[in-house]
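Visitor: okay, sequence plus prediction incoming.
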Amino acid sequence: MSNKAKESSIGSKVTKTLIYIFLSFLAVVYLLPLVWVLYVSVKDDKTLFVSPWEMPERLMIENYTFAWTAGKLGTATLNSAIVCFVTLILCLIIGSMAAFAIGRMRWKLASPMMTYFLTGMMIPVHCILIPLFVRFAKINLTNSLVGLILPYLTLSLPLTIFIMTGFFKGLPNELFESACIDGCSIYKIFTHIAFPLSKTGLFVTGLMSFVANWNELLLAMVFISDDEMKTLPVSLSKFVGPYNTNYSQMFAAIVIAIIPTIVVYCCFSNSIVDGLTQGAVKG
């Protein structure tokens with residue numbers, strides 16, 4: 001092996017080592033807060049303030065029991081699940097249909113409609129919060145899960161349409177031409193060809209929509225006042241009082257709330273990255 005080849009091989013190994021060190025550092029930075037939350041959730045407040053870094057003598061598992069019962073996290077989790085799953089199903093159906101029309105059908109307003117939908121990604125939710133609340137109050141949609149599903153759906157559609165349009169544009173034209181020759185209508189082409197072939201895109205947009213809506217706090221806090229209708233993020237805010245806060249029980253409630261999102265990302269992280277990459281390079 002020549003000297004240049006040896007130097008190139010050594011340089012490549014050094015580069016890989018530095019990359020691994022950097023990625024390991026990032027992993028520690030991202031995982032350390034999660035470990036700290038879990039660590040604090042099994043301590044009591046006295047031990048936490050006196051010796052925050054020492055292991056507790058006894059694991060306070062009852063913190064989780066208190067958080068689940070006193071915080072009504074069971075009802076809140078059910079409300080969040082209903083809102084997120086209904087929003088997810090409607091978002092995938094409506095968003096994929098709109099994306100197919102924009103990405104594959106030829107009509108004059110395709111480009112303006114895409115711009116119209118993408119405008120929704122540029123409008124902060126704070127700008128529409130007050131007029132939306134006033135409008136919903138007049139038609140009795142406040143303090144109901146439907147009043148959360150509608151804005152969640154509206155805010156989730158722009159990104160879904162943007163990503164799905166890239167998937168539909170990347171499908172081979174020969175598939176649609178063959179379907180037209182066989183006599184398929186535009187509806188059959190969508191339901192039997194385009195929709196099944198875009199499962200990766202649906203999977204990615206669905207996960208992103210679900211996680212975003214699961215963690216949403218502002219709209220849920222403004223629109224919902226009844227304890228029986230509150231979602232999980234709003235229920236977590238009840239653990240913080242104006243004069244006293246039980247941090248151990250609050251962190252136990254946080255652990256319960258973040259478990260679904262952690263499980264989803266751990267199981268499907270590769271699919272999320274692959275789907276976003278495919279949607280970015282197609283079209």
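Guide: The structure has been received and is ready for your questions.

Visitor: in the chain, which spans are helices?
Guide: Here the chain has its helices, by DSSP state H, at 3-40, 45-50, 62-70, 73-103, 110-119, 125-138, 146-169, 173-181, 186-189, 195-197, 199-214, 218-223, 232-236, 247-281.

Visitor: so residue 101 sits right up against residue 110, yeah?
Guide: Yes - when contacts are counted by Cβ atoms under 8 Å, residue 101 is listed as touching residue 110 (7.3 Å). Placement of C-beta: from N, CA and C, glycine included.

Visitor: need the helices of the chain in CSV with mean neighbour count and mean pLDDT, can you?
Guide: Output for the helices of the chain, formatted as CSV (neighbours: other Cβ atoms under 10 Å; pLDDT from 0 to 100):
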stretch, mean neighbour count, mean pLDDT
helix 3-40, 11, 79
helix 45-50, 13, 74
helix 62-70, 16, 83
helix 73-103, 20, 91
helix 110-119, 13, 86
helix 125-138, 13, 87
helix 146-169, 22, 89
helix 173-181, 12, 83
helix 186-189, 14, 85
helix 195-197, 14, 84
helix 199-214, 20, 85
helix 218-223, 19, 89
helix 232-236, 22, 87
helix 247-281, 16, 72
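
Visitor: now the ones you listed in JSON lines, with distance to residue 56?
Guide: Converted to JSON lines, those look like this (distance: least, Cβ to Cβ, whole Å):
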{"stretch": "helix 3-40", "distance to residue 56": "9"}
{"stretch": "helix 45-50", "distance to residue 56": "5"}
{"stretch": "helix 62-70", "distance to residue 56": "11"}
{"stretch": "helix 73-103", "distance to residue 56": "22"}
{"stretch": "helix 110-119", "distance to residue 56": "50"}
{"stretch": "helix 125-138", "distance to residue 56": "40"}
{"stretch": "helix 146-169", "distance to residue 56": "38"}
{"stretch": "helix 173-181", "distance to residue 56": "61"}
{"stretch": "helix 186-189", "distance to residue 56": "61"}
{"stretch": "helix 195-197", "distance to residue 56": "52"}
{"stretch": "helix 199-214", "distance to residue 56": "30"}
{"stretch": "helix 218-223", "distance to residue 56": "33"}
{"stretch": "helix 232-236", "distance to residue 56": "22"}
{"stretch": "helix 247-281", "distance to residue 56": "9"}
